[in-house]
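Chemist: A structural model of the following input is requested.
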Amino acid sequence: MKIFYILTAVVLLTACNKKEDLTATPAGPLYKIPQGTAAYDDTIVSIYKKYDTYILYKFSQVDYAYNYIDKLSDSAFAANPAYIPAVLDLFKTQVLNRYPDSLLRKTLPIKVLLAAYIGAGNKRNANGFANTRSMLCIGWADSTLLSKSSAELKKIRGSLHRNYFDRAFKGLALTIPPSFVALCPPDYNAMIASTQYSFGIIEPILPGQISNMMVDFLGYVEYIASHSQAETTAGIFDPKVDTKGLIKKKYATVVNYFNSIGVDLQAIGEEQ
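Modeler: Residues are numbered from 1 along each chain as shown. Coordinates of the predicted model:
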């Protein structure tokens, strides 16, 4: 029995000594930046220092596709260095310069990927954006962005804002406001294209496409950020479209919600 107690004491003393010797090892950076020596690398480094968000133009399929619980089925292709400044400027002017710092620190992803395009092989995804819980990918770092018309650029800007906030909701940084929830239909699975406007749904309902409250909300985000008030009045606010007035009510709740977090979506939509 004495031997047992002696052995126990030795084990305890050894454990205590090991515990005292343990020191916390600070976590290293996930990615090495800068990734190059171009002028835009200085901008990328300054963004990282301010927000702890990596902007990467060199990345792997794992960086793009894999998330905590699932993965994307398509791919993002390496950025053309000549067009990185244009895409970086798009992200800065539309997101970093428009959203308050308090919101950016709360909603920026771990990484923003700048890609030439997103798609499968040579088939380009027309949307040009993708996101997961930890990543936002902007797939316009090639010559196509500079060839777009003003109307096409407005659509791209709207899609950027939609994808940014889609990722923020996935990351649980934001939640849909109760005022919007109260106006939503009880069953999105029962919605059909011919009656969707009467339920205040402006997101296109297509065969095989998932429809839910989040998609409904994000449809408004994208629309508001890419349309002027005049276009809206002549379009989805037309009584022939908004037959029950739900579109106008949901539109107002989205505008008010973003105003409350410091983002003027309508002003973005007015931009030419």
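Chemist: Low-confidence ranges, this protein, go.
Modeler: Residues of the chain meeting the criterion pLDDT under 70: 1-28.
Chemist: how close does Tyr51 sit to Asp216?
Modeler: Distance, Tyr51 to Asp216, using CB to CB, to the nearest Å: 30 Å. C-betas here are computed from N, CA, C, even on glycine.
Chemist: just the helices in the stretch 51-200 of the chain please.
Modeler: With helices called from DSSP state H, counting those that start in this stretch, the stretch 51-200 of the chain shows them at 61-65, 84-91, 101-107, 150-170, 178-181.
Chemist: Out of these, flag the one nearest Val45.
Modeler: Nearest of the helices of the stretch 51-200 of the chain to Val45, taken as CB to CB: helix 84-91 at 12.1 Å.
Chemist: higher neighbour count, Tyr51 and Asp216?
Modeler: The neighbour count for Tyr51 versus Asp216, taken as other CB atoms under 10 Å, is higher for Asp216 (23 against 15).
Chemist: Let me see the residues that make contact with the strand or helix carrying that one.
Modeler: Counting by DSSP states H and E, the element that carries Asp216 is helix 213-224. Contact with helix 213-224 is made by 158-159, 161-162, 165-166, 169, 176, 180-181, 184, 188, 200-203, 232, 236, 250-251, 254-255, 258, 265-266, 268-269, as judged by CB atoms under 8 Å, 6 or more residues apart in numbering.
Chemist: how distant is it from the center of its chain?
Modeler: 13 Å (CA atoms, centre = their mean, to the nearest Å).
Chemist: in it, what counts as buried?
Modeler: Val215, Asp216, Phe217, Leu218, Gly219, Tyr220, Val221, Glu222, Tyr223, Ile224 (16 or more other CB atoms under 10 Å).
Chemist: and if you look at stretch 112-121?
Modeler: So, applying 16+ other CB under 10 Å, buried residues of stretch 112-121: Val112, Leu113, Leu114, Ala115, Ala116, Tyr117, Ile118, Gly119.
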